[in-house]
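J.: Below are the sequence and a predicted model; questions follow.
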Amino acid sequence: MQAISFESVMPQSLGELIAISLATPLPVHASSSVDGVEREAWLSCGELTHARHGDRVGIEAVVAMLDEAHRPFVVALGRVAPQRTIEIPWRRLCHEARCALLDAPAQPATATRGDVWVDIAVDDLVPQPIDAVG
């Protein structure tokens with residue numbers, strides 16, 4: 001498959017790259033270099049499959065990308081990742097990154113509803129009285 005580049009779109013965040021990946025059936029490769037640090041992300045069907053940020057790869061690279069200021073990526077379609085270093089869906093990847101950035105241990109979700117992770121159990125909720133609004 002021949003890679004197709006498009007110059008008119010310069011996404012600046014991983015979220016924007018996911019939107020591009022969802023809009024095309026082709027694999028997406030995004031790259032940029034900031035202060036000598038190479039950043040690359042490969043996506044397929046709206047999910048990250050591989051990432052590289054300097055010497056970091058996989059989830060560590062995604063955490064580094066999320067922790068820095070948004071910078072434009074150059075995007076090419078049709079380029080398949082050289083390896084797969086990310087095996088978890090975007091929502092779970094965001095959770096892992098949030099925990100890493102907050103220096104908190106990642107905890108598995110206690111319940112799921114469809115595709116949405118729920119971080120607390122229903123039994124942990126305390127009922128609150130509903131006050132009349134005047």
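T.: Arrived safely. Numbers count the residues shown, from 1 in each chain.
J.: centroid residue for the protein?
T.: The residue lying closest to the centre of the chain (C-alpha atoms, centre = their mean) is Trp90, at 4.9 Å.
J.: Report the contact partners of that one.
T.: 18, 46-48 (C-beta atoms under 8 Å, 6 or more residues apart in numbering). Heads up, the C-betas are built off the backbone N, CA and C, glycines and all.
J.: export the residues you listed to TSV and tack on secondary structure?
T.: Converted to TSV, the contacts of Trp90 look like this (DSSP: H, G, I helix; E, B strand; the rest coil):
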residue	secondary structure
Ile18	helix
Gly46	coil
Glu47	strand
Leu48	strand
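J.: Out of the residues you listed, which is nearest to Pro11?
T.: Among the contacts of Trp90, Ile18 lies closest to Pro11 (C-beta to C-beta), at 9.2 Å.
J.: pLDDT at the nearest residue to the closest one once chain neighbours are set aside, what is it?
T.: Once flanking residues are discounted, Ile18 sits nearest to Gly46: 5.4 Å by C-beta to C-beta, 6 or more residues apart in numbering. Per-residue pLDDT puts Gly46 at 89.
J.: Arg56 reaches Ala64, doesn't it?
T.: Yes: counting by C-beta atoms under 8 Å, Ala64 is a contact partner of Arg56 at 5.5 Å.
J.: These two: which is more packed in?
T.: Ala64 (20 against 17; other C-beta atoms under 10 Å).
J.: what sits against the more buried one?
T.: Each residue near Ala64 by C-beta under 8 Å, 6+ apart is listed here: 53-54, 56.
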